[in-house]
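Student: Model the following, please.
(chains A, B, C and D)
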There are 2 protein chains.
Amino acid sequence: MNSLVIKEMFHGINLTQQEIDIIAHHIKRIAVQKGCIILSEGQPAPNLYFVYSGCLRTYFLDNESKEYTIQFAVDDWWITDYMAFVANESAMLNIECLQDTIIYQLPKKSLEGMYTQIPQIEKFYRDRVETTLVSFQKRLISTMVQSAQERYMMFTHTYPNINKLIKNYHIASYLGITPQSLSRVKKCVNLGCEKLTPI
Amino acid sequence: MNSLVIKEMFHGINLTQQEIDIIAHHIKRIAVQKGCIILSEGQPAPNLYFVYSGCLRTYFLDNESKEYTIQFAVDDWWITDYMAFVANESAMLNIECLQDTIIYQLPKKSLEGMYTQIPQIEKFYRDRVETTLVSFQKRLISTMVQSAQERYMMFTHTYPNINKLIKNYHIASYLGITPQSLSRVKKCVNLGCEKLTPI
DNA sequence: CGTCTATTTGAATGTACTCAAAAGCGGTGG
DNA sequence: CCACCGCTTTTGAGTACATTCAAATAGACG
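Tutor: Model prediction:
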């Protein structure tokens, strides 16, 4: 286990070699192929995933099998179904690999066990949860306030790199519109009917 | 300062009298009248608010002065503009009293200062942030997936008490629709065109 | 009773949706 | 190199849901 990876995972806190060794015992490197579902609705969700390389998404499946992408995760992001992870419930979301991906898996029990040994971990996790909370709140506001066109422009502006990696229908499902609507929105933006007013 | 209130604020953890006394030094009781704005967009947001009695809401104001209610808070809930609170930025949201309300104010500095003296507080806050994260994620999914009618039915089902307290136009702004649309939705629901499929 | 505010109703508009079909793109095999 | 196939994106036409603007009704309160 490469200690550089662990430093990258817990970027922002200073870990001793001893602490890194402790962490190394708890995390597991997993290589996942494009298309794989690493978490399925209904399953327990006892892990956090750190994305070392590649790209994943969480999505919700409604009862008409329509997909709603909740979150994309690329290099250095953490991802899970927080609803299930936090409450120890079974997953409401699915997590899918959009590219060949390398993730590091951290079980909740390990995380909680490390709080006493490595107090900084507790702060690190709290910061992560806070950041995630903020991003969800911003996303909620964006969804409520902005038109599809504004959301699309925000998205390409905020995630120019993700934008190139993934299929349009995944972007559409993130924006909460159909691929057809996205196509029309893009056409309109390209023709110059832009009027971006960022929140 | 009543120590029962503090036990209620930090419900779920066991505090010694000494710890309660420490906390008592940091919190401040505030009585606020209906209609008051306790946090305005653009101001710093260094406080968490615990709702002892009454009712508040956070809302976002877009550049056309349309209001979007993000969250209601009634007895025993905590509320703030988490985006500003977490990142020490100026507020994006406003917080308004919908009833005469008694809140207890806890500054972020006090919270963080207490982590070492009362370690349980750190866990308590982490739990709160996790719970809030989950509720925002659920709300995001609800907003993306459900129709206005379904969102309304979920709302009345989840918050039957809040529903009675507050104006329809506040509910509408929470659901992300106009008061006119809410009126039509309610009429339809009352006539029995319901088909509630909870997530 | 009158006034102010909140809610409901009506009519026209707009945005995104569905269904259906066409065009574009990338890889494989003849 | 071209033809074909499967998948993705785009385009078209009609529809549904929520919006806007405007006006009418209902409720609360002095």
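Student: Flag every residue of chain A that's near DNA strand D.
Tutor: Within chain A, the residues that sit near DNA strand D (C-beta under 7 Å from any atom of the strand) are A:Lys167, A:Asn168, A:Tyr169, A:Pro179, A:Gln180, A:Leu182, A:Ser183, A:Arg184, A:Lys186, A:Lys187. To be clear about C-beta, it is placed using only N, CA and C from the backbone, and glycine gets the same treatment.
Student: Now the helix-or-strand element of chain A with minimal mean pLDDT - C-alpha only, CSV.
Tutor: Counting by mean pLDDT, DSSP states H and E, the weakest-scoring helix or strand in chain A turns out to be helix A:160-165, with a mean of 82. Once non-C-alpha atoms are left out, helix A:160-165 reads as follows in CSV (Å, rounded to 0.1, in the frame of the first residue of the first chain):
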residue,chain,number,x,y,z
PRO,A,160,-15.3,21.4,-17.9
ASN,A,161,-13.3,18.2,-17.6
ILE,A,162,-16.1,15.9,-16.6
ASN,A,163,-18.2,17.4,-19.4
LYS,A,164,-15.8,15.8,-22.0
LEU,A,165,-15.6,12.4,-20.3
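Student: Can it be said to contact DNA strand C?
Tutor: No: contact of helix A:160-165 with DNA strand C (C-beta under 7 Å from any atom of the strand) is absent, the minimum separation being 12.1 Å.
Student: which parts of that helix are buried?
Tutor: A:Ile162 (16 or more other C-beta atoms under 10 Å in any protein chain shown).
Student: Check the offset of it from the chain's centre.
Tutor: 14 Å (C-alpha atoms, centre = their mean, to the nearest Å).
Student: With just CA atoms, put the helix or strand just after that helix into PDB.
Tutor: Per DSSP states H and E, the first helix or strand lying C-terminal to helix A:160-165 is helix A:168-175. Extracted C-alpha coordinates of helix A:168-175, given in PDB (Å, rounded to 0.1, in the frame of the first residue of the first chain):
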ATOM      1  CA  ASN A 168     -24.800  13.500 -22.900                       C
ATOM      2  CA  TYR A 169     -27.500  11.400 -21.500                       C
ATOM      3  CA  HIS A 170     -25.700  11.200 -18.200                       C
ATOM      4  CA  ILE A 171     -25.300  15.000 -18.200                       C
ATOM      5  CA  ALA A 172     -29.000  15.200 -19.000                       C
ATOM      6  CA  SER A 173     -29.900  12.900 -16.100                       C
ATOM      7  CA  TYR A 174     -27.800  15.100 -13.800                       C
ATOM      8  CA  LEU A 175     -29.500  18.200 -15.000                       C
END
